[in-house]
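J.: model this:
(one chain, ligands or ions: 2)
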Amino acid sequence: MRAAHGVAEIGGQVVLIEQRSFLGGNPVAESYAGLTPHGEPAQPQIRQIIELVTAHPRADVRLGTEVTGVAGEPGAFILTLRSSEGAQAAGAPAAGAQEVECGAVIIATGFGHFDPGRSTQMYGYYEFPDVITQPDLEVMLSEHRVVRPSNNQPPERVCFIQCVGSRDRQIGNEYCSKVCCGVASKEAIEIRKLLPDSKVFIFYIDMRMYGYWENEIYWPAQEEHHVQYVKGLITEVLPKGDRLLVRGEDTTMGRPMELLMDLVVLSVGMEPSAGTRQVARLLGVKQNKYGFVDAVGGPLDPVCTSREGIFACGAALGPADLEDAVASAAGAAVKAVGYLRSLPVAAAN
Ligand SMILES: Cc1cc2nc3c(=O)[nH]c(=O)nc-3n(C[C@H](O)[C@H](O)[C@H](O)COP(=O)(O)OP(=O)(O)OC[C@H]3O[C@@H](n4cnc5c(N)ncnc54)[C@H](O)[C@@H]3O)c2cc1C
Ligand code: SF4
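T.: Ligands and ions are numbered 1, 2, ... in the order given. Reported below is the predicted structural model:
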């Protein structure tokens with residue numbers, strides 16, 4: 001949305017293609033509650049961007065639409081689009097196949113959540129109803145009601161397990177997902193505010209606070225909201241009575257630990273979305289070993305892909321918070337319009 005709005009603002013014509021029937025990406029699809037770090041309600045913030053782009057006269061928003069083919073060449077691509085029945089947009093084309101001519105493409109297809117049922121994970125997400133993920137908790141927090149799914153009662157003891165699906169060589173995701181330490185701290189604060197009698201623990205390998213998030217959420221979580229951070233490795237979650245037994249090692253003390261919890265929250269990492277993998281393949285741009293779009297220009301040119309005329313931004317490039325995503329979107333918009341303006345006049349039109 002930011003990339004499309006950026007292109008339109010600097011004078012370009014843009015078509016925004018969104019596969020879902022609504023805009024807003026994961027923050028809207030997953031009903032994020034408060035934004036990290038300051039906790040502003042997420043939905044009104046995202047709505048502002050949705051309104052900006054949908055109202056722009058040079059932006060043509062196509063919802064419920066996917067790219068199914070690409071032809072032509074840089075500066076004169078022809079994309080084949082398929083819209084689902086009932087696709088809604090200002091000036092929406094009829095459902096079925098259409099073609100769009102464009103000089104440049106920006107990939108902004110984002111991320112998916114790591115599936116905690118996969119591979120080496122022993123945390124029982126699909127077995128125990130009181131094991132949930134960060135996005136599951138966001139939905140509860142957006143309704144201002146945190147309960148144990150097993151009995152609908154507020155939990156007394158809650159813990160977060162960090163780095164689920166990230167920083168894990170066994171499954172091939174060695175990278176850090178960047179946002180989950182901050183998001184866990186923000187969610188822990190929200191739980192303590194909603195349920196002041198609850199005890200909230202965060203089990204971590206090491207806390208990776210992002211930039212100013214250290215002061216903005218990590219220290220307040222401990223000092224004002226009494227969230228308990230425990231450096232440790234959790235090896236398994238087992239049922240015990242009507243609670244969950246969390247077992248692992250306290251790595252500061254160098255001894256085994258077992259704690260009973262009512263609700264276990266898995267801080268699942270980011271992986272490329274199915275759309276990112278599919279669109280990258282379709283457009284013929286290089287992907288890195290994890291499947292994210294490879295930015296080939298190095299640190300000073302982070303939005304160029306391996307193919308001329310095709311740019312990328314946001315979490316399609318790798319784990320990103322909203323500030324990263326929006327900043328790279330602005331960069332991609334400038335690069336794409338600049339590229340079009342560098343073409344011979346006939347191609348740029
Ligand atoms: C639990 C959780 C909480 C978070 N909370 C915060 C927070 O509080 N603050 C913060 O800064 N960051 C937060 N983040 C990070 C934030 O979600 C990302 O930075 C942001 O969503 C990235 O935006 P994006 O547009 O790049 O990708 P996405 O949000 O993934 O959006 C991608 C869009 O592309 C669409 N798409 C995908 N494939 C196709 C296709 N083939 N065709 C058409 N459309 C397609 C999708 O439908 C989606 O609308 C959080 C992340 C998680 C996991
Ligand atoms: S941000 Fe924190 S929880 Fe997420 S992968 Fe990095 S270290 Fe692990």
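J.: switch to C-alpha atoms for all contacts and neighbour counts from now on
T.: Fine.
J.: quick one, strands of the stretch 151-300 of the chain?
T.: In the stretch 151-300 of the chain, the segments counted as strands under DSSP state E, counting those that start in this stretch are 157-164, 199-204, 228-240, 243-250, 255-261, 263-268, 270-272.
J.: Which of the ones you listed sits closest to Tyr218?
T.: strand 228-240 (9.6 Å; C-alpha to C-alpha).
J.: one step back: could you dump the strands of the stretch 151-300 of the chain into JSON lines and include mean pLDDT and distance to ligand 1?
T.: Below are the strands of the stretch 151-300 of the chain laid out as JSON lines (pLDDT from 0 to 100; distance: least, C-alpha to the nearest ligand atom, whole Å):
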{"stretch": "strand 157-164", "mean pLDDT": "97", "distance to ligand 1": "11"}
{"stretch": "strand 199-204", "mean pLDDT": "98", "distance to ligand 1": "15"}
{"stretch": "strand 228-240", "mean pLDDT": "95", "distance to ligand 1": "19"}
{"stretch": "strand 243-250", "mean pLDDT": "96", "distance to ligand 1": "22"}
{"stretch": "strand 255-261", "mean pLDDT": "96", "distance to ligand 1": "21"}
{"stretch": "strand 263-268", "mean pLDDT": "97", "distance to ligand 1": "7"}
{"stretch": "strand 270-272", "mean pLDDT": "98", "distance to ligand 1": "6"}
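J.: Those: which one's closest to Pro149?
T.: Once the strands of the stretch 151-300 of the chain are compared by C-alpha to C-alpha, strand 263-268 is nearest, at 8.7 Å.
J.: Contacts only, for the residue nearest to Arg277 when sequence neighbours are not counted.
T.: Spatially, and ignoring its direct neighbours in sequence, Arg277 is nearest to Gly291 (6.0 Å; C-alpha to C-alpha, 6 or more residues apart in numbering). By C-alpha atoms under 8 Å, 6 or more residues apart in numbering, the residues touching Gly291 are Glu271, Pro272, Thr276, Arg277.
J.: Kindly report the same for Gly72.
T.: Ile78.
J.: and it, what helix or strand is that in?
T.: strand 65-73 (DSSP states H and E).
J.: Run through the helices of the stretch 201-349 of the chain in chain order.
T.: Assigned by DSSP state H, counting those that start in this stretch, the stretch 201-349 of the chain shows helices spanning 213, 219-223, 274-283, 322-342, 345-348.
J.: returning to what we had before: looking at the contacts of Gly291, which is nearest Thr54?
T.: Nearest to Thr54 among these, with distances taken as C-alpha to C-alpha, is Thr276, at 22.8 Å.
J.: My guess is that closest one contacts Ile106. True?
T.: No. Using C-alpha atoms under 8 Å, Thr276 makes no contact with Ile106, being 11.5 Å away.
J.: between these two, which one's more packed in?
T.: More neighbours surround Thr276 than the other of Thr276 and Ile106, with 24 against 21 (other C-alpha atoms under 10 Å).
J.: mind listing what the more buried one touches?
T.: With C-alpha under 8 Å, 6+ apart, Thr276 has these contacts: Ile107, Ala108, Thr109, Gly110, Phe111, Gly291, Phe292, Val293, Ala316.
J.: Just give me the neighbour total for Gly248.
T.: Other residues close to Gly248 by other C-alpha under 10 Å number 18.
J.: Roughly how far does it sit from Leu259?
T.: 9 Å (C-alpha to C-alpha, to the nearest Å).
J.: Which parts of stretch 275-286 count as buried, going by neighbours?
T.: For stretch 275-286, a neighbour-count test (16 or more other C-alpha atoms under 10 Å) marks Gly275, Thr276, Arg277, Gln278, Val279, Ala280, Leu283, Val285, Lys286 as buried.
J.: Run the contact check for that stretch versus ligand 1.
T.: Yes. Using C-alpha under 6 Å from any ligand atom, stretch 275-286 comes into contact with ligand 1 via Gly275, Thr276, Val279.
J.: can you tell which of the strands of the stretch 151-300 of the chain is closest to Thr133?
T.: strand 263-268 (4.5 Å).
J.: Adjacent strands (with direction) for the closest one?
T.: Strand 263-268 has the following strand partners under DSSP bridges: strand 131-133 (parallel), strand 157-164 (parallel).
J.: Now do that strand: everything it contacts.
T.: 113-116, 130-134, 137, 148, 155, 157-166, 180-181, 184, 244.
J.: At the contact with ligand 1, which residues of the chain appear?
T.: Residues of the chain lying near ligand 1 (C-alpha under 6 Å from any ligand atom): 17-20, 23-27, 35-36, 66, 108-111, 134-135, 179, 183, 275-276, 279, 314-316, 320-323, 325.
J.: If the residue nearest the centre of the chain is in a bridge, with which residues?
T.: Nearest residue to the geometric centre of the chain (C-alpha atoms, centre = their mean): Phe111, 5.1 Å. Beta-bridge partners for Phe111, by DSSP bridges, are Pro272.
J.: ok, which residues in the stretch 201-349 of the chain are in contact with ligand 2?
T.: For the stretch 201-349 of the chain, the residues in contact with ligand 2 (C-alpha under 6 Å from any ligand atom) are Met207, Arg208, Gly269.
J.: Neighbour-wise, give me the winner out of those.
T.: For those, neighbours tallied by other C-alpha under 10 Å; top is Gly269, 26 neighbours.
J.: That one: what's it in contact with?
T.: Counting by C-alpha under 8 Å, 6+ apart, Gly269 touches His113, Phe114, Cys163, Val164, Gly165, Ser166, Cys176, Ser177, Cys180.
J.: Likewise for Gly24?
T.: Met1, Ile46, Arg47, Ile50.
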